[in-house]
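**Q** Please work out how this folds:
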Amino acid sequence: MNYYLPHPIPLYGPDFAQDPHAVYARLRQYGPLAPVAIAPGHPAYLVTDYRAALDLLKDTTTWSKNPSEWQKTLPPDSQVLPMMKWRPNPLFNDGPVHARYRSVITDSFSRVEPHRLRAQVAHAADTLIRSFAPTGEVDLVTQYARPLPLVLFNNLFGMPDSYSDRLVAALAGLMEATSPQEATRANADFEQYIAELIALKTKQRGPDLTSWYMDHPAGLSTEEVLHQIVLTMGAGHEPTTNLISNALSRMLSNPDYYSTLSSGALTAKDAIEDVLRHEPPMANYSAHFPRQNVHFHGTWIMANQLVLVSYAAANMSPDGPAVGTVPTGGGAHLAWAAGPHSCPVKQPALLITTTAIERLTSHLCDLELTAAREHLAWRPGPFHRALAHLPARFTPLAPDQAGVTPWTSSSPSVSTPQATTSTAKHSG
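**A** Prediction:
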């Protein structure tokens, strides 16, 4: 029975980024919970056991999502505060407050028709593919997986595409900050971007998520609208980028998927399921805090102490399938979390990812990696599992060549999302 476990194991730095499962194996020696550090001087407990993770995620009586007391113990310039501090959104609140905020996101996303969303993803994909198709080479992270959700989100939220670079830089800074100064600057840049978006929509509403947030019956204040958008964009972009690039890296390095990308035994959906089980794009998160001292799966946790859930470690029990194998029947995993704060935009996220991958591989049917998967670099950070780069090559395409190409594919006008009369879904 442990009251406190000293010497936390770091979840940051290049060693963890390159081989996190080796770290998870070491952490399992402590039992279902292990002592970790998410940044220098920032200790936490990490749940690495599947059953313990479910028990925590579903127990709203013992556990709170509100970090207010915990964050008082941190210096004001802490580099993890931008990702972890209390905000008026569903991710950091409980009970009726959580339900009110979550309803704004779920109701608004449900107004985006799936067929229209698919067309918007295809349009964004074709736009990006045209930029590198003539060259015969591409970094599938920086030139495709990372900008694609932002092109899409800019449209869904009613923002001009010219803002994409600012959004990419701010979100990357939040996820990868290595100093308090970097984290603070990235957080300020992100919130400034959202403030400009709200100012634009305050002057003129449109059929977009921002306008629907602002006009929702929950009656959000301007500050509350800002924080719902911050959550939706931040929680939507990073996991989607990682899911696309991680799935592509598996497809392009495993012959079980494709002898060529146009004919293989397994599909993009299989690759996505493989990633969700073995390499979830958000590997460690779901911050929880016990409301009082609690004995949890053999460990005493003090009230308001930070406890994170490792989706990646929990998914991989010691006697489970080895990392890198291809699932044949799906299986349980925690990539979408569980309980009242599970991801409510699971289906849109899957639609976006699947369409993005299928669009790319249909245009560039002979894609192949230019570096072995085991030699790829991963971005450091305690929360995500994210490739830094994914270099690939293919037969170049020309705008005037025959057949269906990114230039000739039919893409309906997607300047604004279409609404339905029904009354969607994100981590919160």
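
**Q** how about Y12, phi and psi?
**A** Main-chain dihedrals, Y12, degrees, to the nearest 10: phi -140, psi 170.

**Q** Skip the chain neighbours and tell me the closest residue to it.
**A** In space, not counting the residues next to it along the chain, Y12 is nearest to P382; the distance is 5.3 Å by C-beta to C-beta, 6 or more residues apart in numbering. C-beta: built from backbone N, CA, C; applies to glycine.

**Q** Helix, strand, or coil at the one you found?
**A** coil (DSSP: H, G, I helix; E, B strand; the rest coil).

**Q** Got the confidence number for it?
**A** If you check P382, the pLDDT there is 93.

**Q** cool, and V275?
**A** Reported pLDDT for V275: 93.

**Q** Could you check how many residues crowd around it?
**A** V275 has 25 neighbouring residues, counting by other C-beta atoms under 10 Å.

**Q** In contact with it, which residues are there?
**A** Residues in contact with V275 (C-beta atoms under 8 Å, 6 or more residues apart in numbering) are 243, 246-247, 250, 281.

**Q** my read: the residue nearest to Y12 touches I9, true?
**A** No. Here P382 lies out of contact with I9, judged by C-beta atoms under 8 Å, at a distance of 10.9 Å.

**Q** Give me the spatial nearest neighbour of A247, chain neighbours excluded.
**A** A271 (4.1 Å).

**Q** Next up, the contacts around the one you found.
**A** Contacts of A271 (C-beta under 8 Å, 6+ apart): 247-248, 250-251, 257, 357.

**Q** out of the residues you listed, who's nearest T73?
**A** A247 (38.3 Å; C-beta to C-beta).

**Q** dump the residue contacts of that closest one.
**A** 268, 271-272, 274-275, 353, 357.

**Q** sec struct for it, please.
**A** Secondary structure for A247, judged by three-state DSSP, is helix.

**Q** gap between it and E279?
**A** The gap separating A247 from E279 is 9 Å, by C-beta to C-beta, to the nearest Å.

**Q** All the strands of this protein, residue numbers only.
**A** Here the chain has its strands, by DSSP state E, at 9-10, 33-39, 42-47, 63-64, 137-139, 284-290, 294-296, 299-301, 307-310, 368-369, 391-393.

**Q** Show me the contact partners of the last one.
**A** In other words, strand 391-393. Contacts of strand 391-393 (C-beta under 8 Å, 6+ apart): 136-140, 252, 367-371.

**Q** For my notes, please list those residues in a markdown table and give distance to E69, pLDDT and neighbour count for each entry.
**A** Formatted as a markdown table, those follow (distance: C-beta to C-beta, whole Å; pLDDT from 0 to 100; neighbours: other C-beta atoms under 10 Å):
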| residue | distance to E69 | pLDDT | neighbour count |
| --- | --- | --- | --- |
| G136 | 55 | 97 | 13 |
| E137 | 51 | 97 | 12 |
| V138 | 47 | 98 | 23 |
| D139 | 43 | 97 | 18 |
| L140 | 42 | 98 | 23 |
| L252 | 46 | 93 | 20 |
| L367 | 49 | 93 | 20 |
| E368 | 52 | 94 | 13 |
| L369 | 47 | 96 | 18 |
| T370 | 49 | 96 | 12 |
| A371 | 46 | 95 | 13 |
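
**Q** closest to A177 among these?
**A** Among the contacts of strand 391-393, and counting by C-beta to C-beta, the member closest to A177 is D139, at 22.3 Å.

**Q** The closest one reaches A388, doesn't it?
**A** No. Using C-beta under 8 Å as the test, D139 is too far from A388 to be in contact (9.4 Å).

**Q** Settle this for me: S103 is touching Y213, isn't it.
**A** No. Counting by C-beta under 8 Å, Y213 is not a contact partner of S103; they are 10.9 Å apart.

**Q** which one of the two has more residues nearby?
**A** Y213 (23 against 16).

**Q** Just confirm that one contacts I229, I think it does.
**A** Yes. Assessed by C-beta under 8 Å, Y213 is found in contact with I229 at 6.6 Å.

**Q** ok so, going back, pick out the lowest-pLDDT one from the contacts of A271.
**A** Among the contacts of A271, Y257 has the weakest pLDDT, 76.

**Q** Neighbours of P180, how many?
**A** If we define neighbours as other C-beta under 10 Å, then P180 has 17 of them.

**Q** Burial check on the residue nearest to it when sequence neighbours are not counted, number of neighbours?
**A** In space, and not counting its chain neighbours, P180 is closest to D77: 3.7 Å by C-beta to C-beta, 6+ apart. For D77, the neighbour count with other C-beta under 10 Å is 11.

**Q** quick one: pLDDT of D77?
**A** 84.

**Q** same check, this time on the one 3 residues further on
**A** Looking at V80, its pLDDT is 90.

**Q** Contact partners for it?
**A** 38-39, 42, 74, 183.

**Q** Filter those down to the buried ones and express that as a ChimeraX selection.
**A** Only the buried entries of the contacts of V80 go into this ChimeraX selection, using 16 or more other C-beta atoms under 10 Å:
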select :38,39,42,74,183
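
**Q** Would you convert the contacts of V80 into CSV that also reports distance to A349 and pLDDT?
**A** Converted to CSV, these look like this (distance: C-beta to C-beta, whole Å; pLDDT from 0 to 100):
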residue, distance to A349, pLDDT
I38, 24, 95
A39, 27, 92
H42, 29, 93
L74, 31, 93
A183, 26, 79
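
**Q** Among the contacts of V80, which one sits closest to H288?
**A** After measuring the contacts of V80 against H288 - C-beta to C-beta - the closest member comes out as I38, at 13.8 Å.

**Q** count of residues packed around the closest residue to the closest one other than its chain neighbours?
**A** What sits nearest to I38 in space, not counting adjacent residues and going by C-beta to C-beta, 6+ apart, is P382, at 4.2 Å. Neighbours of P382 under the rule other C-beta under 10 Å: 26.
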